[in-house]
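Asks: need coordinates for the below:
(2 chains)
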Amino acid sequence: MNSAQSVSCAGAVSGGRVIPIQPEVIRERGQREVFCGLTGIIWLHRKIQDAFFLVVGSRTCAHLIQSAAGVMIFAEPRFATAIIDERDLAGLADANEQLDLVVTRLLSRRPDIKLLFLVGSCPSEVIKLDLSRAAQRLSTRFNPVVRVLNYSGSGIETTFTQGEDACLASLVPTLPATPPADAPSLLIVGTLADVVEDQWLRLFREMGIERVGFFPPRRSTDLPAVGPNTRYLLAQPFLADTARALDERGAARLPAPFPLGVEGTTAWLRAAAEMFQVSAETFEAVTRPKRERAMRALEHHRHQLSGKRIFFFPDSQLEIPIARFLARELGMQLTEVGTPFLHKQHLAEELALLPANTQLSEGQHVENQLDRCRAQKPDVVVCGLGLANPLEAEGFTTKWAIELVFTPIQGYEQAADLAELFARPLRRRMRLVA
Amino acid sequence: MQLTVWTYEGPPHVGAMRVATAMREVHYVLHAPQGDTYADLLFTMIERRDHRPPVTYTTFQARDLGSDTAELFKSAVRDAYERFRPQAMLVGASCTAELIQDDPGGLAQALNLPIPVVPLELPSYQRKENFGASETFYQLVRALCKSQALPPGSQRPPRPPGQRPSCNLLGPTALGFRHRDDIKEITGLLAGIGIDVNVVAPYGATPADIARLGDADFNVVLYPETAAQAAAWLQRSFQQPCTKVVPIGVGATRAFIQEVAALANIDATAALNDPRARSSWYARSVDSTYLTGKRVFVFGDATHAVAAARIATEELGFKVVGLGTYSREFAREIREAAKLYDVEALISDDYLDVEAKVAELQPELVLGTQMERHIAKRLGIPCAVISAPVHVQDFPARYAPQMGFEGANVIFDTWVHPLMMGLEEHLLGMFREDFEFHDDAGSSHLSHVVSAAPQPRPAPAATADISAQVAQPLESTGGPVVGAVPINDAGWAAVWAPDAEKELGKIPFFVRGKARRNTERFARERSLPRITIETLYDAKAHFGR
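Replies: Alright, predicted model coming up:
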């Protein structure tokens, strides 16, 4: 799991670029108003359509997922919780037996499941219920119909989007290997809306990059192959463990900013284009119309957002790339950019693009951070759902951070949608007179 | 280990949060890992509270487990006291912290804070949210009132002559189903008959208010799920009697008025016929005739489910075909009520059991929680919500109590609205071939009800069990659920003649499921090899109500 890494942003040199002078990163610990990694199940189960996520945890875990999902649209969703009770705590042998019973019952009810994730939680970690052994045992039993994997989404180890990281990292060893003499291929890593994947697939094709895979795939039977000829682009900034696992398979990461906003998307695409020797002319010809269209769309929002001061509470690790986009493409002023975890290496290109004097913070002490937020009096506050209405009641305009994870925001066509997410609360506040 | 898809109740510490959040000047320090703060959004989003719940979470991480989580807890308590300066504190553990056994109560006591600190022991692996709320309220009442309890053997002095009688309203919490409006309705009702409300608790109360609960002459237990335990202690310690009737429905409201009048020793006869009690007249109005014998399925917390079954039967003329609760603590109350309606009580917190039961019974109206709303939506059955667990829709901007006479009016409107209007129902039956009345058109006033009604078909395999049938993964198809009907123990399977099947199709969709079920039952009981048009009408004559 991620451990805290120290980042010195003051005039450091990273990847050959000089990073602008930044104040010390505020590092705090205390109450965190952030979801745990279990929450990732909400989008992962929609993405991988034949996978099922079985949380091995407490009633709290079950309640968390159903509350975070907000609505119960799906009468029988592709996730559930095996709720640990008193008897399971009395003896781990029984707990394993019980887990096998629960899985057997589940799989007999749901013959459509091809891939089952046993998802560890705080209680399962604390009682040291070994889910990797359970997954092996159950995989053997249900082979070849169902594969069983495990990862931890526990709050003592993961924050919010790190759940996706842990899930994907657990899948990497099961990816098929590419043949040794295979031509280089590109892998896009991180859960994205299908519409975004399809847009990029068209862009890469137009540039002549044909061998493009997405991870995670829409079906567990379509896992992309990986090997020394794989070059991968992270589409999300929170995939530290997944990247490490891919590196171990011989794949190589293409360093790039993240594909948020026109600038980020262009730089991100360029990293692939350069690797696959797409000519500058072709790159320009393919991306230019899209870039120009996206910039026209952003224009609608610039007058509204320019000069407005924004404050980020930590949530999804998307904060830094989004702050970079809002500052550089829409002229917003960054007061504090909080992130639950700062991955120095994967964010090197992003940090280099941040305006000088951007105050970053990592981790959280929510009371102290609220004090700082109130003192800053920002025009927009990006925060979780637990803080949004109370801050609105204090007179702040807020943007729910979780919407940034549940909305397609990556790529050219979505750049204006991302801006709109910040413009709408401001516009709304101006409209409401009563 | 229990396989759980959706849960009706959260963990017990969420119940404690419902008490703490309802109150003022209280702070709850919860020993809990990252992620447990999700519970804040229940209050800020579902209930749209404009303040954060008064809860501090210690947010311990894996790396803290090896070092000193106890110290982390102590500093969280100290900091929370310094920052919020509450009148009283609650301390406890969530499920994970319970496992690491740091003893939050002992640690907090050791800090010698100058305020009452109430330790909560809520067993997360055995109990649930309502228990947590009840236990928290009880512990808080006990801790704050016990110094004023009547000495053993002494008698409560009688109310001085000329002083108006007073009572406490016990049980309303944050995230409660219409608690905000019930308080107003019942306070108004009591004022109308000359009874003052001393303290409402926990909703809106401070610890100082709790400490003066003993001043009232008696207690009104609005929600036994959260208040029965505290009221029983108050009865023992202050000789304060408490009410047994929950005033939901016109009949229960009248019984409640008589009960409180007796406890307060006053005459309240005049209040029994409140002109605002419109629901009784509406139910007698001829346009309500079509409600007669509507088959309803009732599920919720015990208090609301028992009340709903009684209102359905006595005040609307429905027929209760199923009654249940997710609350095992109140199984006895539900079983007793079920006997009145000659149905088997369903005591289950497994959503899939409830769904299977609704599919089997094919009621014409479901009165349930938000969970049952989803079940009913999938099955194409009208539904009204009567109980927690709550949804943002259960916090309407308007005044919409469940209790008292106005509550009965609200209930009448809420339950009748999802049903087909009487005349419309007849027209649909008469002219079902009309292009505007075809099955998929639904009813004109119900755009939100799924337009395609369920089309129960014989189950394909005689071995399939009901829950598996009901639990088809529908999200991919979006289609209506397949009813699970025509298999009996002996393996009899319904065979419908094509013309009988076609005739069945002429019956309006909202009674077609019942017609199919009755016809198949009729055929099965007579071991008929084939269902013909004649069988259909024979069955209709046999079962006709």
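
Asks: please report phi then psi for the residue of chain A found nearest chain B.
Replies: Going by CB to the nearest CB, chain B is nearest to A:Cys36 of chain A, at 2.6 Å. All C-beta spots, glycine's among them, are computed from the backbone N, C-alpha and C. Backbone geometry at A:Cys36, expressed as degrees, to the nearest 10, gives phi -90, psi 180.

Asks: burial count for residue 349?
Replies: As the question left the chain open, I've gone with chain A. Residues near A:Glu349, counting by other CB atoms under 10 Å in any protein chain shown, number 22.

Asks: hmm, I had chain B in mind actually
Replies: Using other CB under 10 Å, B:Asp349 has 19 other residues around it.

Asks: do the same with the one 10 residues further on
Replies: Here the count is done by other CB under 10 Å, and B:Ala359 has 25 residues near it.

Asks: in a strand, it, correct?
Replies: No - counting by DSSP: H, G, I helix; E, B strand; the rest coil, B:Ala359 is not part of a strand but helix.

Asks: was I right about it contacting B:Ile381?
Replies: No - at 9.5 Å, B:Ala359 does not count as touching B:Ile381 under the criterion of CB atoms under 8 Å.

Asks: what does the domain assignment say about chain A?
Replies: What automatic domain parsing lists as the domains of chain A is A:13-33+A:298-431, A:37-158, A:185-284.

Asks: so which of the ones you listed comes closest to B:Glu135?
Replies: Nearest to B:Glu135, of all the domains of chain A, is domain A:37-158, at 15.4 Å by CB to CB.

Asks: now do that closest one, average pLDDT.
Replies: Domain A:37-158 shows a mean pLDDT of 91 in the predicted model.

Asks: do stretch B:301-315 as well
Replies: Mean pLDDT, computed over stretch B:301-315, is 98.

Asks: for A:Leu186, what are its contacts?
Replies: A:Leu186 makes contact with A:Phe204, A:Ile209, A:Arg211, A:Val212, A:Gly213, A:Thr230, A:Arg231, A:Tyr232, A:Leu233, A:Ala272, A:Met275, A:Phe276, according to CB atoms under 8 Å, 6 or more residues apart in numbering or on different chains.

Asks: oh, that last question was meant for A:Pro123, not what I typed.
Replies: A:Gly57, A:Ser58, A:Cys61, A:Ile84, B:Cys95, B:Thr96, B:Leu99.

Asks: how near is the third one to A:Ser154?
Replies: When distances are taken as CB to CB, to the nearest Å, A:Cys61 and A:Ser154 turn out to be 9 Å apart.

Asks: now the common contact residues for the two.
Replies: Common contacts of A:Cys61 and A:Ser154 (CB under 8 Å, 6+ apart): A:Leu38, A:Ser121, A:Cys122.

Asks: which ones, among those residues, also lie beside chain B?
Replies: Among these, the ones lying near chain B by CB under 8 Å from any CB of the partner chain are A:Leu38, A:Cys122.

Asks: now the strands for chain B?
Replies: For chain B, the strands defined by DSSP state E cover B:2-4, B:26-31, B:55-57, B:88-93, B:117-119, B:166-170, B:196-201, B:218-221, B:295-300, B:319-325, B:345-347, B:365-368, B:383-385.

Asks: just how off-centre is the second one within its chain?
Replies: Taking the mean C-alpha point of strand B:26-31 and that of its whole chain, the gap between them comes to 27 Å (CA atoms, centre = their mean, to the nearest Å).

Asks: now do it, average pLDDT.
Replies: Computed over strand B:26-31, the mean pLDDT rounds to 98.

Asks: packing partners for it?
Replies: Applying 3 or more CB pairs under 8 Å, 6 or more residues apart in numbering or on different chains; DSSP states H and E, one finds that strand B:26-31 makes contact with helix B:12-22, strand B:55-57, helix B:69-84, strand B:88-93, helix B:104-110.

Asks: do that again at 6 Å, thanks
Replies: Under the contact criterion of 3 or more CB pairs under 6 Å, 6 or more residues apart in numbering or on different chains; DSSP states H and E, strand B:26-31 touches strand B:55-57, helix B:69-84, strand B:88-93.

Asks: contacts for that strand?
Replies: For strand B:26-31, contacts defined as CB atoms under 6 Å, 6 or more residues apart in numbering or on different chains pick out B:20, B:54-58, B:73, B:76-77, B:80, B:84, B:86, B:88-91, B:93-94, B:97, B:104.

Asks: and those, which of them are buried?
Replies: In these, burial by neighbour count holds for B:20, B:54-58, B:73, B:76-77, B:80, B:86, B:88-91, B:93-94, B:97, B:104, counting by 16 or more other CB atoms under 10 Å in any protein chain shown.

Asks: same for chain A: which of those are within range?
Replies: Among the buried ones among the contacts of strand B:26-31, proximity to chain A is found for B:Tyr57 (CB under 6 Å from any CB of the partner chain).

Asks: look up the closest residue to the most centrally placed residue in chain B, ignoring the ones flanking it.
Replies: What sits nearest the mean C-alpha location of chain B, by CA atoms, centre = their mean, is B:Ser387, with 2.5 Å. Excluding its sequence neighbours, the residue lying closest to B:Ser387 (CB to CB, 6 or more residues apart in numbering or on different chains) is B:Gly300, at 2.9 Å.

Asks: quick one: low-confidence ranges for chain A?
Replies: Applying pLDDT under 70 to chain A flags residues A:1-20, A:70-76, A:434.

Asks: around chain B, pick out the residues from it.
Replies: When proximity is defined as CB under 6 Å from any CB, chain A approaches chain B at A:31-33, A:35-36, A:58-60, A:62-64, A:66-68, A:72, A:74-76, A:80-83, A:85-86, A:88, A:98, A:102, A:109, A:112, A:122-123, A:126, A:155-157, A:385-386, A:389-390, A:393.

Asks: pull up the residues of chain B that are close to chain A.
Replies: So far as CB under 6 Å from any CB goes, chain B lies against chain A at B:1-7, B:10-11, B:33-35, B:37-38, B:40-42, B:44-45, B:50-52, B:57, B:59, B:61-62, B:95-96, B:99, B:125-126, B:374, B:378, B:468, B:471, B:473, B:475.

Asks: please consider this matter closed, and thank you.
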